[in-house]
Structure formats: structure tokens, C-alpha cells
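> Turn this into a model:
(one chain, ligands or ions: 1)
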Amino acid sequence: MKNARATVDPAFVIGPVRTRTFGSFVEHLGRCVYTGIYEPGHPTADAEGLRQDVIDLVKELGVSTVRYPGGNFVSGYRWEDGVGPKEARPRRLDLAWHSTETNEFGLDEFMTWCAKANVEPMMAINLGTRGVAEAIDILDYANIPGGTAFSEQRKANGAHEPYRIKMWCLGNEMDGPWQTGHKTAAEYGRLAAEAARAMRQVNPDLELVACGSSTSDMDTFGSWEYTVLGEAYEQVDYISAHEYYFEDEGDLASFLASGDKMSNFIDSVVATADAARAAGKHTKRINISFDEWNVWYQKSTPSVPPSGDDWPVAPVLLEDNYNVADAVVVGDLLITLLRHTDRVHSASLAQLVNVIAPIMTEPGGRTWKQTTFHPFALTANNARGQVLRVAINSPKVTTAKYGEVDALTAVATYDEATGDVVVFAANRSVGDSLELSLNLGSFEELKLEDALTYTNDDPYWQASADDDTSVLPTANASAVIESNRVSVELPAASWSMLRFTAA
Ligand code: AHR
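Model prediction:
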């Protein structure tokens, strides 16, 4: 057991808790859409084929925005294929995932699903194989009340009111050589600026996201953002960041410290965006949409797409089965995103259902929760008000990838209206538990309402369809509060939430 100290003060404000930090992502990939959110004939499906059991879990997870329809998929997608009578919709090759897209599910079905799941859509346009004209067309179809060919088509398809979609991603991972229609930063920056300019001629108040880097490991990272923003700074509101984390066989210590990699990534994007601001003599700031993040074992079998003549419909792809350590990392990545709430204004856990997802489904059968469901749901449902920095004094752990890092990470939220204070904390040490002394002395007298910890003797325990309840966040009996001084034991490789209310 080692000792750590932390202090939270209501004056340590970083910025507001942003609902959009708790976004997710639905791509036409594997079984995310088909047999995921959409499965006509499933016992819980409604008349439109939307699985109600999945919608219930999406609500329980506390998801705010959902990015759609990709991902790599969007870079070859023709949105028009997915609207109108289903029997007339064409089947197409999906080059990104070497699959066949039936187009049974498209924009209108997605918008119906968003309304039922109570989430905000975040729509991506194709800037891989398409351009400015198609960007305006989809916007016209989605957002114009009526009187144009596309808006009347939407109404004829059953959606009388415009969707008024606000947030749009200008392509996906255009820095990646794997992307259909991959471009240089200058080519993409110019196209993004032109698409954005035209889209704002339709709806001036859109919120637009330019593609940043697909990971901080890209050779072009940094120069990509600088060049893209050099072209598109005034036309966009956000620059995206994408990154996936995973354990290199046997290196749990580095994996648990993944939050530090995300934190450095965010700091570097902020620095680059601000350098582009200075160079271009701009006044507004560009913030970050971290619209793909998660744990993803990219080299594992389910991540390898089919090949050759095999172009299956909705194959099993990227169906990673998460363990407890993965969930601790997901919890810590959420702590990291909240700690950067001043500049990270939106984020999407990639993805939502079946594909590297917290929610799993059986075709025709059950749903179940992955381990990663729990820290996400607890954070999304309890972080309210202002995000507060936690001043930390922590023992260090040595990692092969990141050197010495703090064992303890934490962030707090404070809802002035209710007086609730919530502290989210992770112990990233593989072997040592931490005795944490937490000083909340600057708040009015507080009562400890919940102390929940997620951990397991075997950090590699995985949930399954047959057992997703053996390891759950459980009450941490060691937590005590006296005169706003808290003492709690945080086990090795654990994630915790401490919730306080006014006494
Ligand atoms: O989320 C899976 C894939 O990861 C997305 O399609 C792509 O944008 C990223 O590389």
C-alpha cells in the first residue's frame, strides 16, 4: 500500500462539463448497424426494425451524440443510396471494410433511431470520393424545410420536418493512406474549406469539424493540423483527434498509463491549433472534437477485414472482448477528456454496438454489457456542472513506454445548483494499492453518497453474453469522510467514482 494525497477546491475550474464529451459512434461496419441497432424481426424490434433492447442500453449508457455513418466507410459512401423505398436501394461494395452494403439502413432510419435513443446526430460527409456538391445535397435533404428537390424527397420519404443537424464532420481520417480518396494536408485543407464555405451558405450556424490526425503516431501529425488549419481556419470550428489504445502483450503498466498519451496528444493539438491561429492572425479558437477514442486490439483476428471475392453483408468485425483493465483505461481516458474540457468540446467513444463497443448483441437474441460499459455510464450519468482540477501528490509508476507516471489520476465535477461533488479517480499501478487522502475542505460540509470501485483480482476477466454481472463496480467499504477529509483505499489497477452531496 502506498499513500497519495489530493485536493479539490471549487475555485479550480477548468470549464463546464460538456454533454458532448459523452458521445459515441455508429459506423456501417461489421454488425454495428445490421443486427446491432437495426434488426427487423428481432423480438424487441419496432415497426422500423430498431432494436428496443439496444436503445434501452444506449440510454442507460448516457450517450449524448452519435457520429454516423463512418469512419472509413463514409469515404466511399453515397448517402442517396440509403434513402427512399428500401426495395429500390442499391447494394454496393464497401471498400473500407471489404463488405457489401445493402443500404437497408440510411439517413432517415438513423434520424428516427436518434430521436428514439434521445441522442444528437453528428453527421460525417464523404470527402474521399466526393466533394462540395454532394456536401450541399445531403445538407439540403437533411436541413431545408421544403421547396427543393432534395427537401421534398425527404418529405416524400416520410420526414416532414427538417432534421436541422448541427454538427458535421468534413470527411474522415483523410491523413490516412488507408482512406479511400486519401489526400495531402494541403489538398484536404482546401477541399474542407470549400465544402465548409458552401455548407455555411446553406446553414450559417453549423458546427463543422475538420479532420485532424488519425493518431498521434502518424508521421504527418502536427504538420497535418497546421496545414489543414492554414487552409480552413475561419471556416471550421473544430479539429478532430482519433486515437486507440491497447496493451502490448504483457505490458500492463504502460497500457494503464494510456491517459498520458492521450493527454500529450490533446496538448499538442491545442498548441498546433493556437500556432495556426497566431500565424493566420485569427481571433477565434479552434477546439477539439476527439471523435474516435477507445481501447482497440487492432492486430487481433476480428479486426482483419475479409478479402478476395468474399464481400459479406455485416460480417463479424472488430468485436473485441474487453477485460477489466481495458475498462480501467476507458475510465482514465474519460478522466483525461474531462481534464481537457477547456479545449476538448466533443468526443465519441468508438464505437457503440458490437464493433469495439460497450454494448453487444446476439442476432435474434440477447444484449450484454462489456466491462467498458460501466466507467462510461457512471461518468456520463454523474459528471455535472463545472469540471475541477484535482491537485495530486502521487507515487510514481515506471512504464516502458512513458517513463515515470503518476499512479493516481483524478478529476472532479461540481454542480453548484445541487452542491454535488463527484471525484473520478484511477489507480494505474499494476501492483500497489493506494491509500488516498482527499481534501475537500473548501466546500460546504459534504456527505459521502457513493463510493464505487471497478477492479478485479484478475484484471483480464472478460464479460460475456452468459456472464456480464460477475464483476461490477461495487461499494468501496474503505471510504470514510470526516469534516470534508476523505480517506479511501484504491486497489491496484482500479477505477473509482466518489459522489458527495451537501450534508
Ligand atoms: O472505428 C473503426 C475505424 O477506425 C474507423 O472506421 C476509422 O475512422 C478508424 O481508423
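
> Name all residues that make contact with the closest residue to the ligand within the stretch 201-350 of the chain.
Nearest residue of the stretch 201-350 of the chain to the ligand (Cβ to the nearest ligand atom) works out as residue 350 at 4.3 Å. From N, CA and C alone the C-beta is placed, and that goes for glycine too. Contacts for residue 350 (Cβ atoms under 8 Å, 6 or more residues apart in numbering) come out as 24-25, 27, 67, 71, 242, 244, 291-294, 296, 356.

> at 7 Å instead, please
By Cβ atoms under 7 Å, 6 or more residues apart in numbering, the contact list for residue 350 reads 25, 292, 293, 294, 356.

> repeat for residue 273
225, 229, 239, 286 are the contacts of residue 273 under Cβ under 7 Å, 6+ apart.

> What helix or strand is it located in?
Here residue 273 sits within helix 258-279, counting by DSSP states H and E.

> What residues sit buried inside that helix?
For helix 258-279, a neighbour-count test (16 or more other Cβ atoms under 10 Å) marks 258-263, 265-266, 268-270, 272-273, 276-277 as buried.

> still on that earlier bit, tell me which two of the contacts of residue 350 sit farthest apart.
For the contacts of residue 350, with distances taken as Cβ to Cβ, the pair at the greatest spread is 293 and 356 (10.4 Å).

> The two - which one has more neighbours?
More crowded of residue 293 and residue 356, by other Cβ atoms under 10 Å: residue 356, with 29 against 24.

> ok, now how distant is the more buried one from residue 2?
33 Å (Cβ to Cβ, to the nearest Å).

> Give me the residue ranges of the chain where confidence is low.
Along the chain, the model assigns pLDDT under 70 to no residue.

> again, 90 this time
Where the chain drops to pLDDT under 90, the residues are 249, 299-304, 503.

> So what's the residue count around whatever residue of it ends up closest to the ligand?
Closest contact between the chain and the ligand, by Cβ to the nearest ligand atom, is at residue 71 (2.9 Å). Using other Cβ under 10 Å, residue 71 has 27 neighbouring residues.

> just residue 115 next, same as before
11.

> now it, what's its secondary structure?
Secondary structure, DSSP: H, G, I helix; E, B strand; the rest coil: residue 115 is helix.

> Could I get the contacting residues of it?
So residue 115 contacts nothing (Cβ under 7 Å, 6+ apart).

> Would you agree residue 374 falls within a helix?
Yes: the assignment for residue 374 (three-state DSSP) places it in a helix.

> For the closest residue to residue 458 other than its chain neighbours, what are phi and psi?
Of all residues not flanking residue 458 in the chain, residue 324 sits nearest, at 7.4 Å (Cβ to Cβ, 6 or more residues apart in numbering). For residue 324, the backbone dihedrals (degrees, to the nearest 10) come out as phi -70, psi -40.

> ok, residue 324 - contacts?
371, 455, 456, 459, 461, 471.

> from those residues, which is closest to residue 124?
Distances from residue 124 to the contacts of residue 324, taken by Cβ to Cβ, are shortest for residue 371, at 28.1 Å.

> close enough to count as contact, the closest one and residue 321?
No: look at residue 371 against residue 321 with Cβ atoms under 7 Å: they stay out of range, at 9.0 Å.

> shared neighbours, these two?
Here residue 371 and residue 321 have residue 462 as joint contacts, going by Cβ under 7 Å, 6+ apart.

> what's the burial count for the closest residue in space to residue 65 that isn't next to it in sequence?
The shortest distance from residue 65 to any non-neighbouring residue, by Cβ to Cβ, 6+ apart, is to residue 23 (3.6 Å). Residues near residue 23, counting by other Cβ under 10 Å, number 26.

> Over to the one 10 residues further on?
Number of residues near residue 33 (other Cβ under 10 Å) recorded here: 28.

> Which one of residue 371 and residue 321 is surrounded by more residues?
Per other Cβ under 10 Å, whichever of residue 371 and residue 321 has more neighbours is residue 371, with 26 against 14.

> helix/strand/coil for the residue nearest to the more buried one when sequence neighbours are not counted?
Nearest residue to residue 371 in three dimensions, chain neighbours excluded: residue 327, at 3.8 Å (Cβ to Cβ, 6+ apart). Put simply, residue 327 is helix when judged by three-state DSSP.

> returning to that earlier point: from the buried residues of helix 258-279, list the ones also adjacent to the ligand.
Contacts with the ligand within the buried residues of helix 258-279, as defined by Cβ under 6 Å from any ligand atom: none are present.

> residue boundaries of the strands in the stretch 201-350 of the chain?
In order along the chain, the stretch 201-350 of the chain carries the following strands (DSSP state E, counting those that start in this stretch): 207-210, 238-245, 287-295, 344-349.

> Mind giving me the packing neighbours of the first one?
Other helices and strands packing on strand 207-210, by 3 or more Cβ pairs under 7 Å, 6 or more residues apart in numbering; DSSP states H and E, are strand 167-170, helix 185-202, strand 238-245.

> at 10 Å instead, please
Where contact means 3 or more Cβ pairs under 10 Å, 6 or more residues apart in numbering; DSSP states H and E, strand 207-210 is packed against strand 120-125, strand 167-170, helix 185-202, helix 223-232, strand 238-245, strand 287-295, strand 344-349.

> Adding distance to residue 213, write these out as JSON lines.
Conversion of the helices and strands packed on strand 207-210 to JSON lines gives the following (distance: least, Cβ to Cβ, whole Å):
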{"stretch": "strand 120-125", "distance to residue 213": "16"}
{"stretch": "strand 167-170", "distance to residue 213": "14"}
{"stretch": "helix 185-202", "distance to residue 213": "10"}
{"stretch": "helix 223-232", "distance to residue 213": "5"}
{"stretch": "strand 238-245", "distance to residue 213": "7"}
{"stretch": "strand 287-295", "distance to residue 213": "11"}
{"stretch": "strand 344-349", "distance to residue 213": "15"}
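
> got the phi/psi numbers for the residue nearest to residue 112 when sequence neighbours are not counted?
Excluding its sequence neighbours, the residue lying closest to residue 112 (Cβ to Cβ, 6+ apart) is residue 48, at 5.8 Å. Main-chain dihedrals, residue 48, degrees, to the nearest 10: phi -90, psi 0.
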